[in-house]
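> Okay, sequence plus prediction incoming.
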Amino acid sequence: MKKSSPYSIRNNLHVSLILGLSILFCFTLLSCGVFDSNKPFSGGNGTIDNPFQISSLEQLQKIAEDDNLDKHYIQVADIDASASEELQNGSGFKFIGDAEQPFTGSYDGNGYSIRNLKINFNKFDQFNGMFGYVKEGVLENITIDNRGRLNKLDTNSFASKKQNSQSLDETSELQNIDIADMDGVGGLAGMNDSGLIRNCHFIGSITPPTGGAGLVGINTGTIESSSFEGKVSGGIYTASGLVTYNSGSIRHSFVKGEIGGQAAFGFVGNNDGVIEISYVNMQVTGYLGVAGFVNNNRGVIRSSFMRGTIIGGRFSGGFVADNYGQIENVYVLADLEMMIEDNGNFPPSYEIGGVVGRNDSGGVIQNAFIAGTMNIGGDVEFISSFGGYAGVNSGMIEHGYWDKEATGMDTGIDQGTPEGATSLTTNEMTGPAAEQNMPDFDWVNIWRTTENGYPVLRWEEKN
């Protein structure tokens, strides 16, 4: 038998080694999706360390498939979603996740935008949004830019719609909402169930058929540094600027634009959680109930403010309509225009206040002020209580102030305990004089005076 030479043995070993390394390299590339001609995404393998890469509307919609709901994603380019008009036979983008099959992964928008996305808002699915239901997932750095789809919001139409609206004859129908009966409708997500939403923004118009919110329908998790800018129209239903119902945490977030509905609330509809370091700057219009910041508060709101215009009637508050919880270090610089009308559908009971319509038993308001015009027209004989600071106070107010000149209101608390609310003139509340006339405010850590205007919160300097 002919023996192999040492040279041929070495050569065969080199060939085998090279072949083996090549096969291993190919397997590595295949596992990363590089040579996969059927790959659904632009790259990645769906793990936290190597997320799937999203660069098109088609890839974005594929996330909604059941097998993809627990994966991780990162956007790698701006996405023009105009073609979403044609999805689902013209209905629009299919929600990512629902109550039975929620989205449990993560999506990082990576600073890129999703433009002109038509979302399939409807009255049949309980959770409506780009993401229908997020459960312990993470949404961050997402911008949905739908300003090209903005529809004109005619706030004058709400008065005419109320004639044909359903009769809600008790405030509890707005306040005591069972989360199981709520439709979670939001531009970004219908439901954030114990998840994290961070640095996410929706710009555009939200016009769901049964009311909703600009960013998230129901939040039981955390929302940070997020916003809605545009118009929310609830029609004959309720509309909220950022979130409909919150039992989680919302921080460093804001709303700008216009909002209107049968009942309308600038930031959150009902709050059982914590809201802090946030603001509203918008026009809020609602007939049945209206609040510049929150409708019903049973949680905590601190270091926040409302600026803009509030147009409404029954059960109205410049900051909160009905407070059972804690409010501290907040202010309202807004004009309140209240049109009172008895059309036969609603009891003739109106509770209106510059900071809160009603501060209920157990409610605590500390270090809050209101400055802005307060005008009432229509059937004023139907007003049950109307105060420059609160319509009704059954709780506790400490270090509260209202500008009696700007508001035109001599009475701070119309019904209940008047202690804690003090009237000041415009000169006493503006410029350096504010620190002298509101001595219990924390001027070192929380508040600061301005040269000629009303006091502001110190965190506003950084925004």
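That came through fine.

> the bottom helix or strand of the protein by mean pLDDT?
Using mean pLDDT, DSSP states H and E, the weakest-scoring helix or strand in the chain turns out to be helix 157-161, at a mean of 36.

> Ser253 reaches Glu224, doesn't it?
Yes. At 7.1 Å, Ser253 counts as touching Glu224 under the criterion of C-beta atoms under 8 Å. Placement of C-beta: from N, CA and C, glycine included.

> When these two are compared, which one has more neighbours?
The neighbour comparison of Ser253 against Glu224 (other C-beta atoms under 10 Å) goes to Ser253, with 28 against 16.

> pLDDT below threshold where in the protein?
For the chain, the stretches with pLDDT under 70 are 1-38, 149-183, 339-349, 377-384, 463.

> what about 80?
Along the chain, segments meeting pLDDT under 80 span 1-39, 149-183, 313-315, 338-350, 376-384, 462-463.

> Now do the buried residues in the strand ranked longest in it.
Counting by DSSP state E, the longest strand found in the chain is strand 326-340. Neighbour-count burial for strand 326-340, counted by 16 or more other C-beta atoms under 10 Å, picks out 326-338, 340.

> Starting from the helix or strand just after it, tell me which strands it pairs with and how they run.
Next helix or strand after strand 326-340 toward the C-terminus (DSSP states H and E): strand 350-353. With DSSP bridges as the test, strand 350-353 is paired with strand 316-317 (parallel), strand 383-387 (parallel).

> For Gly212, which of those strands is the nearest?
For those, proximity to Gly212 was assessed by C-beta to C-beta; strand 316-317 is nearest, at 20.9 Å.

> residues in contact with the closest one?
289-292, 310, 323, 336, 338, 350-358, 390-391 (C-beta atoms under 8 Å, 6 or more residues apart in numbering).

> Helix or strand next in line after it, which one?
strand 320-323.

> Alpha carbons of that next one, in PDB - could you do that?
Output of strand 320-323 as PDB, limited to C-alpha atoms (Å, rounded to 0.1, in the frame of the first residue of the first chain):
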ATOM      1  CA  VAL A 320     -59.300  68.100  38.500                       C
ATOM      2  CA  ALA A 321     -63.000  67.700  38.300                       C
ATOM      3  CA  ASP A 322     -63.400  65.400  41.300                       C
ATOM      4  CA  ASN A 323     -60.600  64.700  43.800                       C
END
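
> before we move on, the earlier item: adjacent strands (with direction) for the longest strand of the chain?
Sheet pairing of strand 326-340 (DSSP bridges) gives strand 300-312 (parallel), strand 364-370 (parallel), strand 374-378 (parallel).

> Mean neighbour count, these: which tops it?
For these, average neighbour numbers computed from mean count of other C-beta atoms under 10 Å are highest in strand 364-370, which has a mean of 25.

> residues making contact with stretch 83-103?
So stretch 83-103 is in contact with 57, 60-61, 63-64, 66, 69-70, 81, 104, 116-122, 125-135, 137, 190-191, 193, going by C-beta under 8 Å, 6+ apart.

> Report the buried members of those residues.
Using 16+ other C-beta under 10 Å, the buried ones in the contacts of stretch 83-103 are 57, 60-61, 63-64, 69-70, 81, 104, 116-121, 125-135, 137, 190-191, 193.

> so who does the residue most central in space within the chain touch?
Nearest to the geometric centre of the chain sits Leu242, at 1.6 Å (C-alpha atoms, centre = their mean). Contact analysis of Leu242 by C-beta under 8 Å, 6+ apart lists 213-216, 223, 226-228, 250, 253, 255, 267-268.

> Same check on Val232?
Applying C-beta under 8 Å, 6+ apart, the residues near Val232 are 205-207, 212-214, 239-241, 257-261, 264.

> Tell me the one of those residues nearest Gln436?
Gly241 (34.8 Å).

> and the closest one, how many neighbours?
34.

> Pull the residues that contact the one helix or strand Ile74 maps to.
For Ile74, the host element (DSSP H and E) is strand 72-75. Strand 72-75 has contacts (C-beta under 8 Å, 6+ apart) with 41, 44, 46-48, 51-55, 63, 105-110, 112, 114, 142.

> Lovely, talk soon.
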